[in-house]
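1. With the input below, show me the fold.
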Amino acid sequence: MTPVRIAVVGLGPRGLSALERVISHTRLEGPPVELLLIEPGEPGIGMHEVKQPDYLLLNTIASQLTIFSDERMTPDAPVTPGPGFLEWCQERHGPVAFDAFLPRRLLGEYLQWAAGELLDQASASERLTVRHLPAVAASVHQDAEGATVTLADGAEHRVDLAVVTTGHGLTRTPPTARDGFIAMPYPLPDQVEAIPEDATVALLGTGLSAMDVIAALTVGRGGEFTEDGYRASGREPRIVLVNRTGGLPRARPATTRDRRAAPAAFLTQEAVAALREGTEDGRLDFRRDVEPLILREARARMAGATPEETAAVERSLRPDARTSPGYQEYVAELVEEAAADLREAERGLGTSPVKEALEILRDHRDGVRAALDPPGLTDASHRYFMSAYVPLVNRTVIGPQKERIHELLQLIDAQVVVPGPGAAPEVTRDGDRWTIASTTLERPHRIEADVVIKANMDWPVLDPRIDPVACSLREWATPGPRGALRLDRDGFVVPREPSGSARSVAVFGPPAEGASYYNHYVPSPGVWSRALTDLDRVLGPVLGTGRATGRPDGDRPAQ
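-> I've put the predicted structure just below:
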């Protein structure tokens, strides 16, 4: 029997999930399978380098991460059981709390171990042959009979199916700093080691990447957080926070181990489908059609909330432009708001109506994903969603741990970190320095900086030096809004020119961002996983095992 040839391009966490699904399906009857794993780095770890410092923390609690699968994650599909990240850590490192935010390097070690385990299982399969190619893929192209993966050395590999899971890109060398501007903050602390202690550093962004940079420039330089506040080492530069909204991210709330989100009442895939029926081409306007569902869902969780709590949720989901009379008033308001949010985060889910209401953006992410799934949004609405609403969601529920916000307030109190001059300041090069000038303060304010760091990650990446494969796909794919790939609901690239009946290139993870929504996460055990089920939709037909798309009605994912 002729073997089926599959290539997985990129073997970070999402590539490991693809490997796990192939192993699961090849336990069933079907044709022999030849699997190519194309990854130049250490299999499995992606950006989770095992040698990074312990102050760089995960933003997902230990119990919500796994590379293996169970029946609740992929109902009616084969599974490959194995220990999740929490169980693996407890076995090797002793007691670990279920809700611990552990050092990122530990996840790298787990992914490294899981890759070895999966490869061992693959080698024992009579149906599956696996070959790892430690090389960079330069391009992936589809034709009428399959796909061709071309490596950087020019070698070509013909396959029946190419699954692109390149994550944040295959290139490991970050852009160099130029004219006092650092375009990529990672790897840390390498990218910031040359910054002198007497410098002023402006961070563009206040999200997770910014928190990493702050950690590298403070505790990474010998500073210490104590019960009395932050104890500086004297080696820290002055850090200025700059962003469009002028606010700080909301703290991630405490949770309980057995928490399961209640089913959505309004932000459902059925509701989104019904809205599509009322449009000419099936495309939605996110502000008109979807945001009202989000607001209704949040309000439904606020029975018994105080007017102040309801107002806090409304401000988060429908923020007004932030203005202030002057810089001191702005800083005072900013710190007071962050401290109030921190108190709600410490109350936690199930206790704080504010955090419980906002958590619908995580609990019912599939409702938002349904709005992005084909036929998607109008072009103008898609631009709004990606440029404005995704950052709003990130600030609201994908922010730093509550401990990080507590530390940030200590750093502001110690004047190691200072807020920038209000919302949407102008950042300009002024001689050999940078000027950050207010645009929303009644009394203008300016701050000068020696270095500017772009402390946020953009998708899609359109630089062939960083992600050559994703850029090669755009040579033949139907273009989507804002440079996004156009994918069908199963994750296959939609070509500009149809090539027979072949659908032979599928994309998952960050390169698919924009075509769908929030693709960059490791699956969670014990809850339905769209990530794994979507992989099954692609792999099942070519492996001869069908396509599993089922899910339990009452078990909503919290990814």
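2. quick one: residue 257 and residue 527, what's the gap?
-> Residue 257 sits 13 Å away from residue 527 when distances are taken as Cβ to Cβ, to the nearest Å. Yep, even glycine has a C-beta here, placed from its N, CA and C like the rest.
3. Could you tell me which residues touch both of those two?
-> Counting by Cβ atoms under 8 Å, 6 or more residues apart in numbering, residue 257 and residue 527 have no common neighbour.
4. more crowded one of the two?
-> residue 527 (19 against 10; other Cβ atoms under 10 Å).
5. does that one belong to a helix or a strand, and which?
-> Assigned by DSSP states H and E, residue 527 falls within no helix or strand.
6. so it sits right up against residue 72, yeah?
-> Yes: assessed by Cβ atoms under 8 Å, residue 527 is found in contact with residue 72 at 6.3 Å.
7. Format the CA atom coordinates belonging to the worst-scoring helix or strand of the chain on mean pLDDT as CSV.
-> In the chain, the helix or strand scored least confidently by mean pLDDT, DSSP states H and E is helix 468-473, which has a mean of 92. Output in CSV follows, covering the C-alpha atoms of helix 468-473 (Å, rounded to 0.1, in the frame of the first residue of the first chain):
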residue,chain,number,x,y,z
PRO,A,468,9.9,32.7,5.6
VAL,A,469,7.3,29.9,5.4
ALA,A,470,4.3,32.1,6.3
CYS,A,471,5.6,34.7,3.8
SER,A,472,5.9,32.0,1.1
LEU,A,473,2.3,31.0,1.6
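8. For residue 416, what are phi and psi?
-> Dihedral pair for residue 416: phi -80, psi -40, per degrees, to the nearest 10.
9. show me what contacts it?
-> 218, 223, 230, 232, 236, 238-239.
10. repeat for residue 393
-> Shown in contact with residue 393 (Cβ under 8 Å, 6+ apart): 361, 368.
11. Average pLDDT for the helix or strand harbouring it, rounded please.
-> Here residue 393, judged by DSSP H and E, is contained in helix 390-397. Average pLDDT, helix 390-397: 94.
12. Give me the buried positions along the next helix or strand after it.
-> Heading C-terminal from helix 390-397, the first helix or strand you meet, by DSSP H and E, is helix 402-413. For helix 402-413, the neighbour count (16 or more other Cβ atoms under 10 Å) marks 402, 404-412 as buried.
13. Let's have those residues in CSV, adding pLDDT.
-> Formatted as CSV, the buried residues of helix 402-413 follow (pLDDT from 0 to 100):
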residue, pLDDT
402, 96
404, 96
405, 97
406, 97
407, 97
408, 98
409, 98
410, 98
411, 98
412, 98
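14. So which of those residues is the closest to residue 483?
-> The closest of the buried residues of helix 402-413 to residue 483 turns out to be residue 404 (Cβ to Cβ; 31.2 Å).
15. what sits against the nearest residue to residue 325 once chain neighbours are set aside?
-> Nearest residue to residue 325, sequence neighbours excluded (Cβ to Cβ, 6 or more residues apart in numbering): residue 442, at 4.8 Å. By Cβ under 8 Å, 6+ apart, the residues touching residue 442 are 323-326.
16. I'd guessed residue 457 sits against residue 204; true?
-> No: Residue 457 is not in contact with residue 204 according to Cβ under 8 Å; the separation is 11.6 Å.
17. which of the two has more neighbours?
-> More crowded of residue 457 and residue 204, by other Cβ under 10 Å: residue 204, with 22 against 16.
18. ok, the buried residues of helix 402-413 vs residue 126, which is closest?
-> Distance to residue 126 across the buried residues of helix 402-413 (Cβ to Cβ) is lowest for residue 404, with 48.8 Å.
19. and the residue nearest to residue 275 when sequence neighbours are not counted, which of the three is it?
-> Of all residues not flanking residue 275 in the chain, residue 289 sits nearest, at 4.8 Å (Cβ to Cβ, 6+ apart). At residue 289 the chain is in helix, as set by DSSP: H, G, I helix; E, B strand; the rest coil.
20. So which of the contacts of residue 416 wins on neighbours?
-> Going by other Cβ under 10 Å, residue 218 tops the contacts of residue 416 with 27 neighbours.
21. excluding its backbone neighbours, what's nearest that residue?
-> Nearest residue to residue 218 in three dimensions, chain neighbours excluded: residue 236, at 5.5 Å (Cβ to Cβ, 6+ apart).
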